[in-house]
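**Student:** Got a sequence here, can you build the structure:
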Amino acid sequence: MKTDLTPLDASKISSLGAGGMLKNVCIVKEKGDIRRFYEKYGGEKILIAGGLTNTLVLSGGTDEKVLFCGLFKGTEVKSEYIKCLAGERLCAVASEAEKNGLSGAENISGIPGTVGGAVFGNAGSFGSEISDLVVNAEVFRTDDGKTEILDRRELGFSYRKSILRPDKDFVCEVTLNFKREQREEIRKKVISVSAKRAATQPKKPSLGSVFKKAGDVSAGFYIEKAGLKGFGYGGMAFSDLHANFIVNKGGGTPEEYLYLMTLAEKKVFETFGIRLVREVKVLGESGNS
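**Tutor:** I've put the predicted structure just below:
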């Protein structure tokens, strides 16, 4: 059975523009790749990675086996529904929806991540979440090789969470439900959201929001009040536009990003007694930090 594992340079893929090597990667391009990977490596510890838009790969990389779905793409439109493969970008899905006069994805149209990752973490923006659109998701269990189709209720969505298990539940395909609307009206909403995003979020390379909200308060509020807004370390810095973003100013390393992330956790806890919860996943942390 042929299941090729290949090295993948995270710095070439990551939205941060920095990262080490994923040394043993199965690049998923079709569903059969997942099954073949399981039949050969089932039972071993694996990692699941999408577009590396909220995943920090430290410079030492990782030797662990990785299922990478960033090239597992495709959409199919039927009436008010769009079926998406896991590696499809949210922005591409939003564009497809707009083209077909389907409304509902405008607020999340600028999120750079993949559909699979968005469902796993119930990604959202400007008051909308992917769970608002989800009908069901086809999930492959990498621990027992079973495939399930879970509906929206069974996925157990909450703020930036679902019931899906890290590195065990691989989202293969997602069906989303939209509403019919005039394309001109959808375009107006997209333009409005894009302007709002440009005014409130940095353009420099980043991994998006570093931390989840603390209650109903943005983590950026606490980071700023702790005196870290704009603070830099090496080539990385807290954005001076939005403190809950760490941006790569040029030549930044994953370790510098991790230092700032850890510093924010420490300072916010010391100042406010609040423990920030990471949105960014770190690979290679043990043994490489």
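
**Student:** Not counting sequence-adjacent ones, nearest residue to Leu176?
**Tutor:** Leu133 (4.2 Å; Cβ to Cβ, 6 or more residues apart in numbering). The way it works is simple: take the backbone N, C-alpha and C, and place the C-beta from them, glycine included.

**Student:** Please tell me how far that neighbour sits from Val115.
**Tutor:** 10 Å (Cβ to Cβ, to the nearest Å).

**Student:** send the alpha carbons of the host helix or strand of Glu265 over as CSV?
**Tutor:** Taking DSSP states H and E as the definition, Glu265 sits inside helix 254-272. C-alpha atoms of helix 254-272 as CSV (Å, rounded to 0.1, in the frame of the first residue of the first chain):
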residue,chain,number,x,y,z
PRO,A,254,8.2,31.1,16.1
GLU,A,255,10.0,31.2,19.4
GLU,A,256,9.6,35.0,19.5
TYR,A,257,5.9,34.6,18.9
LEU,A,258,5.7,32.0,21.7
TYR,A,259,7.6,34.3,24.0
LEU,A,260,5.1,37.1,23.5
MET,A,261,2.1,34.7,23.8
THR,A,262,3.5,33.4,27.1
LEU,A,263,4.3,37.0,28.2
ALA,A,264,0.7,38.1,27.7
GLU,A,265,-0.6,35.1,29.7
LYS,A,266,1.7,36.0,32.6
LYS,A,267,1.1,39.8,32.5
VAL,A,268,-2.7,39.5,32.2
PHE,A,269,-2.8,37.0,35.1
GLU,A,270,-0.6,39.2,37.3
THR,A,271,-2.6,42.3,36.6
PHE,A,272,-6.2,41.0,36.4
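
**Student:** Could you list every helix and strand in contact with it?
**Tutor:** The contact analysis (3 or more Cβ pairs under 8 Å, 6 or more residues apart in numbering; DSSP states H and E) places helix 254-272 against strand 55-57, helix 219-225, strand 232-233, strand 236-238, strand 246-248.

**Student:** With neighbour numbers in mind, choose between Leu133 and Val115.
**Tutor:** More crowded of Leu133 and Val115, by other Cβ atoms under 10 Å: Val115, with 31 against 24.

**Student:** hang on, isn't the more buried one packed against Leu90?
**Tutor:** Yes - using Cβ atoms under 8 Å, Val115 is in contact with Leu90, at 6.3 Å.
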